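# Next input, structure requested:
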Amino acid sequence: MCTVFVGVARAQEQVGFPASDPFTARQITLTGVLNKPLGNGPFPAVVLMHGCGGWQPAVRYSLDLLSEYLSEHGYVVLSVDSFGPRNLSGDDMCASNARLRQALIYRAHDAFDAMKFLRSQPFVEPKDIFLMGQSNGGSVAMEAAAADDLKTFDAPGTFRGVVAYYPWCGVFPEQREVALASPLLIFNGGADNWVSASQCTKIQASGENVSEITYPDAVHSFDIDIPKQLYQGHWVGYDPQAAQDSETRMLAFFNAKLTPDIRQD
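From the prediction side, this is the model:
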């Protein structure tokens, strides 16, 4: 039996693994930052997927803080950079809906490539790998949760649970039930003028459950530590109440989905 330990020391390292869908004329190695609790494990794990801005400094800082938080609670965390290895600019990506739609496909492959990498690590419990994404990464996470997409992305398995922060929920067809292979939790900002929170509330799912929480006053990127500002015509910025509450709820969601032999009492 294995236990999730709280408040343990951590180790961090840079890692790389091949991309199964390079989206370029050459093969590429995806890069990531791996945080793990000290010890042999096996530990549950979380894959983090950034938004359209890539690893911009504020995004990277916030993801590093989230990685530390989850690692302190006993999770291995792999934060993946999808755009840097492909020489894609975050500003350019955020400005183009067409490029973001293309990214949904190769980035979903990235998410499952990260799962494969984690499953190869002796300190990771292969049955307990979760996925979290922000914005475009949140839409990618939703794609990865859909049962019909598993063969498309040559998935090595299903994520134990998926969390999407302020995603574009148009990845799921409206007025049609979507079969989920992984339980899905969505966090939205009620004042978000980049994506529609109400679109996410209309999702109908079978197989696994979908839950949605909207923070009425929060805008896009409410979990990233930046002042509220306009970015490419959209309001973005930190909302401490929404950020802290969603972080707590996300951890509780992960803990509740752990297999019985690794779950905290």
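
# same question for stretch 128-142, mean pLDDT?
Confidence over stretch 128-142 (mean pLDDT, whole number) is 98.

# and what of stretch 250-258?
According to the model, stretch 250-258 has a mean pLDDT of 98.

# got it, and stretch 80-95?
Mean pLDDT, computed over stretch 80-95, is 96.

# what pairs with Ala179 across the strands?
When bridges are called by DSSP bridges, Ala179 pairs up with Ser206.

# just use 30 as the starting number from now, easier for me
Will do, 30 is the new start, and the previous item becomes Ala208.

# list the contacts for it?
175-177, 234-236 (C-beta atoms under 8 Å, 6 or more residues apart in numbering). (Each C-beta comes from the backbone N, C-alpha and C, glycine too.)

# Just the buried positions in stretch 41-59, please.
44, 46, 48, 50-52, 57, 59 (16 or more other C-beta atoms under 10 Å).

# who touches it?
By C-beta under 8 Å, 6+ apart, stretch 41-59 touches 60-65, 96, 107, 109-111, 114-115, 131, 134-135, 138-139, 141-143, 145-146, 183.

# Pull the distance from it to the chain's centre.
Distance of stretch 41-59 from the chain centroid (C-alpha atoms, centre = their mean, to the nearest Å) equals 18 Å.

# Between the two ends of that stretch, what distance do you get?
Its start and end residues considered, stretch 41-59 measures 17 Å (C-alpha to C-alpha, to the nearest Å).

# shaky segments in the protein?
Within the chain, the segments meeting pLDDT under 70 span 30-39, 291-294.

# Okay, helices next: where are they in it?
Secondary structure of the chain (DSSP state H): helices at 86-101, 119-123, 126-148, 165-174, 226-230, 269-286.

# Can you say which of those helices is nearest to Ser250?
Of all those, it is helix 86-101 that lies closest to Ser250, at 8.2 Å by C-beta to C-beta.

# so what does that closest one touch, helix or strand wise?
Where contact means 3 or more C-beta pairs under 8 Å, 6 or more residues apart in numbering; DSSP states H and E, helix 86-101 is packed against strand 39-47, strand 58-66, strand 72-78, strand 105-110, helix 269-286.
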